[in-house]
Every structure is written in C-alpha cells, then in structure tokens.
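Engineer: Structure of the sequence below:
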Amino acid sequence: MADRVLPTAKSARLPGERARLRRVVAERGLGGLANDTKWDEFVGAVRARTGWRPGYRYKCIDGPPWGWDGEWFYHLPFPLMSVEWLDVAYLQEVREHRPPPRVGVVNHSGWLVPLLNCVGLDYRVGVRVVRVFGYSPRDLALFDQ
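Structural biologist: Prediction:
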C-alpha cells in the first residue's frame, strides 16, 4: 500500500462534486463544524492504528444514512466535506475460543476521545459510538444516547 496514494478529505469522485456539495450546504443552511485538515488528521490517525480499527457509519448532507463499514482506506465518503455525521464505534468484542467460551469488551474511547479533542472535531459520546459532526445543526437521528 506504500506505493499507492490514499484518498484524502479533498478527494472527489466526480468533477465538480465539491462545488455541488457547497450548493447543498448553502441550500440547507448548514454551518461547517469540520474542515479538510481536521478530517485528514482524524482519518490518518485511525488508519495508523495497528491491531484494531473501529467500525463506522455515516450520513452525507445529500443522502440517507449508510450502513456499517470498517475499511478506513478507500470506503469513506470522499470528499469528506459531504459528511453530515460520522458514527465511530468504540467498543470491540473480544472472544476467547476455549471452554467455557468467553466474550469480553474492550472500550477504545480512551484513545478515540482524546484524538477527537486534539484534532478539534465536534462530537458527542454515546453508549457504543462517538458521533462526529461535520455540520450544524447537529443531527442526532439514530444516535445511541
């Protein structure tokens, strides 16, 4: 993967996509809470994690919420200026496959929340996820408060 250039927050899939998204933001009267630099710092730090990466789901400003995914390199909704909110799961289920079977939970909010604070993204911590807001007003639909 070292010889490939990974998508960044600015990476657009279609020509003129960023201009179209700016129009959607204006039409909906949204206020920006994130920017490309903050998104890149956050995504880069999650990509750099070894051993475990959180699952995520998102809602773009021009569509319905998307289902859960765990691939942080190419599956994110680029350009990230399209993200209204991003839910990041911070609980990891760990199974021990020996009698008796055991299931444990690792809480990764201990590194995730400080990362969000350091980067300066706006977020709320829920029961199982952290919701990162790209825009205001903050949409709490489907959030696990």
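Engineer: Pick out the residue closest to the middle of this structure.
Structural biologist: Leu86 (4.0 Å; Cα atoms, centre = their mean).
Engineer: the residue most distant from the middle of the protein, which is it?
Structural biologist: Relative to the chain centroid, the chain (Cα atoms, centre = their mean) has Pro99 farthest, 36.6 Å.
Engineer: Can you list phi and psi of that residue for me?
Structural biologist: phi -70, psi 140 (degrees, to the nearest 10).
Engineer: quick one on the thing from earlier: so the residue nearest to the centre of the chain: helix, strand or coil?
Structural biologist: strand (DSSP: H, G, I helix; E, B strand; the rest coil).
Engineer: Distance of it relative to Pro15?
Structural biologist: Plainly put, Leu86 is 25 Å away from Pro15 if you go by Cβ to Cβ, to the nearest Å. Quick note: C-beta positions are derived from backbone N, CA and C, even for glycine.
Engineer: which residues in this structure form strands?
Structural biologist: 31-32, 56-60, 83-89, 91-96, 102-107, 122-125, 129-133, 135-136 (DSSP state E).
Engineer: Tell me which of those sits nearest to Trp72.
Structural biologist: Among the strands of the chain, the nearest to Trp72 by Cβ to Cβ is strand 56-60 (7.7 Å).
Engineer: between the closest one and strand 129-133, how many degrees?
Structural biologist: If you take axes from the mean of the first three to the mean of the last three Cα atoms, to 10 degrees, strand 56-60 sits at 30 degrees to strand 129-133.
Engineer: just for this structure, where's the confidence low?
Structural biologist: By pLDDT under 70, the weakly predicted segments of the chain are 1-3.
Engineer: again, only this time at 50
Structural biologist: 1 (pLDDT under 50).
Engineer: Helices of that one, residue ranges please.
Structural biologist: Using DSSP state H, the helices of the chain run over residues 17-28, 36-48, 109-119.
Engineer: by contact count, what packs against the last one?
Structural biologist: Using 3 or more Cβ pairs under 8 Å, 6 or more residues apart in numbering; DSSP states H and E as the contact definition, the elements that helix 109-119 packs against are helix 36-48, strand 122-125, strand 129-133.
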